[in-house]
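Participant: Model the following, please.
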Amino acid sequence: MNYYQISHHASSQIGNHEGLLYLQSLCQTSGKILDVGCGEGTRLKTLLPAGKRGWGIDPSVIAITKAKKQYPRHYFRVGLGEQLPYSDNNFDFVYSAFAIEHCSDPELFIREMIRVCRPGGRIAILAPNYGAPSRRSPNSIESPYNKFFEGLVFDLIPRPGLVWRQVTPQKKYTQIDADTTWEPYLGSLIHYLKPACRQAGLTIEKFSSLWNLEPETQNPRHLIIRKLGQLEIRPFIYWGPQLFVVAVK
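Facilitator: Got it, this is the predicted structure:
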């Protein structure tokens, strides 16, 4: 199974995924919708109600060619999330699902999502929470112990900006997210969005690290962290397997 077959299969599934269900509900009620990092288009098709048209953008010519062929109803084009080819205040709902971890500049990626969103509209980001102190991406070469304690220090004394670790993608796609370039972290994203929200007039409507997606484990340390996270005790509330944020402009 190649990359786009894997993407197609994963993007056609919603199940009981809290973040995807929320995205789907927003797609049901929003007007003009943009998927930033849409890949081969299946996610947009899955989330939108039947008969509704959406917009999708992705840097891959191969992905967009497939998207146009598979889902001709929607408007797909090649482009970067860091340089969206749309005017200001253009969309009612702008979302990115499992794409920002592959971009070249996540801060610019987020600013562009905010820019093209209309006042009263929403932006949403869903991604692996690889930057959490107890987690790592497939491309991480950092000591897990160093990462854990440095992450604890960050949660106690946050630094300004979007403090995500940059990693080097693997030359061959041998496993899921082998092409990851950044390790997103919910705690840092929330800290970054607060001043960005004030500047752009955003209000954070919902956030979660989706602890309900955590697989069962017998590791005592992981069990303790998961229990603290599920009890919404900070900073462990930010340490779940994925990050999900929705903000209203």
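Participant: C-alpha from now on. contacts and neighbour counts both.
Facilitator: Noted.
Participant: ranges for the helices of the chain?
Facilitator: Under the criterion DSSP state H, the chain contains helices at 3-11, 18-29, 42-47, 61-70, 106-116, 144-156, 186-200, 220-230.
Participant: Out of those helices, which is the most enclosed?
Facilitator: Highest mean neighbour count among the helices of the chain (mean count of other CA atoms under 10 Å): helix 42-47, with a mean of 22.
Participant: Run the chain-centre distance for that helix.
Facilitator: 15 Å (CA atoms, centre = their mean, to the nearest Å).
Participant: Show me what that helix is packed against.
Facilitator: With contacts defined as 3 or more CA pairs under 8 Å, 6 or more residues apart in numbering; DSSP states H and E, helix 42-47 has these neighbours: helix 3-11, helix 18-29.
Participant: Go through the ones you listed and find the least confident stretch.
Facilitator: With a mean of 81, helix 3-11 has the lowest mean pLDDT of these.
Participant: still on that earlier bit, adding distance to residue 168, write the helices and strands packed on helix 42-47 out as TSV.
Facilitator: As requested, these are exported to TSV (distance: least, CA to CA, whole Å):
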stretch	distance to residue 168
helix 3-11	18
helix 18-29	27
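Participant: To residue 203, which of the ones you listed lies closest?
Facilitator: Residue 203 sits nearest to helix 18-29 of all the helices and strands packed on helix 42-47, at 15.9 Å, using CA to CA.
Participant: on that earlier part again, for residue 79, find the nearest of the helices of the chain.
Facilitator: Across the helices of the chain, closest to residue 79 is helix 61-70 (CA to CA), at 8.9 Å.
Participant: Excluding its own residues, what touches that closest one? List them.
Facilitator: Here helix 61-70 makes contact (CA atoms under 8 Å, 6 or more residues apart in numbering) with 4, 39, 40, 41, 42, 57, 58, 74, 75, 76, 77, 78.
Participant: can you do 6 Å?
Facilitator: Residues outside helix 61-70 that contact it (CA atoms under 6 Å, 6 or more residues apart in numbering): 39, 40, 41.
Participant: Quick check: closest non-adjacent residue to the first one.
Facilitator: Right, residue 39. residue 63 (5.2 Å; CA to CA, 6 or more residues apart in numbering).
Participant: On the pLDDT front, check the one you found for me.
Facilitator: pLDDT, residue 63: 96.
Participant: Next: residue 202.
Facilitator: pLDDT at residue 202 comes out at 85.
Participant: For it, give its distance to residue 158.
Facilitator: Here residue 202 is placed at a distance of 21 Å from residue 158 (CA to CA, to the nearest Å).
Participant: So between the two, which is more surrounded?
Facilitator: Between residue 202 and residue 158, counted using other CA atoms under 10 Å, residue 202 has the larger neighbour count: 22 against 15.
Participant: who touches that one in this structure?
Facilitator: Taking CA under 6 Å, 6+ apart, one finds 248, 249 in contact with residue 202.
Participant: Low-confidence stretches in the chain?
Facilitator: 1, 196-198, 200 (pLDDT under 70).
Participant: hmm, 50 instead?
Facilitator: Counting by pLDDT under 50, the chain has low-confidence residues at 1.
Participant: one step back: export the helices of the chain to a markdown table and append columns for distance to residue 95.
Facilitator: Putting the helices of the chain into a markdown table (distance: least, CA to CA, whole Å) gives the following:
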| stretch | distance to residue 95 |
| --- | --- |
| helix 3-11 | 14 |
| helix 18-29 | 8 |
| helix 42-47 | 10 |
| helix 61-70 | 17 |
| helix 106-116 | 8 |
| helix 144-156 | 26 |
| helix 186-200 | 15 |
| helix 220-230 | 25 |
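Participant: What separation is there between the residue lying farthest from the centre of the chain and residue 76?
Facilitator: Note on the chain: the largest C-alpha distance from the chain mean falls to residue 220, namely 28.6 Å (CA atoms, centre = their mean). Counting by CA to CA, the gap from residue 220 to residue 76 is 47 Å.
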